[in-house]
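J.: Need coordinates for the following:
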Amino acid sequence: MELCAAYRIPHSQLMGAGAGRWTALDRAKALAHLAFTRAVCEGCGTRPAEWDEQQGGDRFAYVAQSHRCLGCELVEMEQEQVPQGPEARGVKIGLRPRQE
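T.: As a prediction, the model looks like this:
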C-alpha cells in the first residue's frame, strides 16, 4: 500500500488486475493503510496496539537501545545558537549536503 500511495494508484492496478479506477476494495485498503500509518508514534515508531496485551500486544516486546546520530547532534548544536524570544519563532534547523 505504501507503493500505491507513492504512485497514487489503486492497489488493484498495482497488482495488474485493475483498469486504474478505484474500486470499493481499493478505497477500503487505502483507508486502512492510512489509519495504520497514522497510529505510529512519531517519537518511538511503535503503535499502541503493539503494547496492549488485550489486543495481542506484548508489553515487553521492545528493549530500549540508545545510539548517537551525528546529524542530530549537529542540528542540536546549531539550534543552541538561535536566540531565544520572538525572533526565534518558526526557526528550523535542517541539514543539506555541503556544496563543493
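
J.: check contacts around E50.
T.: 57-58, 61-62 (Cβ atoms under 8 Å, 6 or more residues apart in numbering). Every C-beta, even on glycine, is put in place using the N, C-alpha and C of the backbone.

J.: ranking these by neighbours, who comes first?
T.: G57 (15 neighbours; other Cβ atoms under 10 Å).

J.: Just to check, it is in contact with T46?
T.: No: at 9.3 Å, G57 does not count as touching T46 under the criterion of Cβ atoms under 8 Å.

J.: Poorly predicted segments of the protein, please.
T.: Along the chain, no part satisfies pLDDT under 70.

J.: need the longest helix for it.
T.: helix 24-38 (DSSP state H).

J.: So C72 versus I93, what's the distance?
T.: Look at C72 and I93: by Cβ to Cβ, to the nearest Å, they are 10 Å apart.
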